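>>> 3D model of this:
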Amino acid sequence: MQCPSCQNTDSRVLESRAADAGKSVRRRRECLNCDFRFTTYERVETVPISVIKKNGNREIFNRSKLLEGLTRACEKTTVNTNRLERMVDELELSIQQRSNREINSSEIGEMVLEELRNMSEVAFVRFASVHKQFRGISDFVKALESINTRKEQLASVG
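Residues are numbered from 1 along each chain as shown. Take a look at the predicted model:
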């Protein structure tokens, strides 16, 4: 670590502590050449996730955009914001753990729908109507039928 005062590369760590809710480490250092004290931060480097949109454009994964869409889908339901944030955290982590850091927006949408199907039928239909670009009542009927089919399958297994 280079000293900001004299540019010497030898320093010693005086103190380390977690920062940013455990996502980074804050270190107080002292230069061994000039005794200048300074602070450094250490973070895990993550490779950004690239989302391939339906039109072929690529954009960086934006968790707040996804969370906003989920919040809209879950308005006036029993699903709370903390649960949605955990869901987005888990989804982002599962994508980060893949070998390929590119993912289609439709794949993200399907992952979200699978989770919403178990959380709230209303939120599932709302999100599906945007994600799958429903054109009319028949699209809503198909979504509702898929929920009923799944319920029947689970009931026959359990």
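>>> When you work out contacts or count neighbours from here on, use the C-alpha atoms and nothing else.
OK.
>>> The residue nearest to Asn33 when sequence neighbours are not counted: neighbour count?
Take Asn33 and drop its neighbours on the chain: the residue closest to it by Cα to Cα, 6 or more residues apart in numbering is Asn8, 6.7 Å away. Number of residues near Asn8 (other Cα atoms under 10 Å) recorded here: 14.
>>> Just to check, Asn8 is in contact with Asp35?
No. Using Cα atoms under 8 Å, Asn8 is not in contact with Asp35, being 10.6 Å away.
>>> which residues are common contacts for these two?
Jointly contacting Asn8 and Asp35 under the rule Cα atoms under 8 Å, 6 or more residues apart in numbering is no residue at all.
>>> In which helix or strand does Ser154 reside?
Wrong residue type there; residue 154 is Leu, not Ser. Taking DSSP states H and E as the criterion, Leu154 maps to helix 137-157.
>>> Torsion angles phi and psi at Ile103?
The phi/psi pair for Ile103 (degrees, to the nearest 10) reads phi -140, psi 140.
>>> Could you do Arg28 as well?
Phi and psi for Arg28, reported as degrees, to the nearest 10, are phi -90, psi 130.
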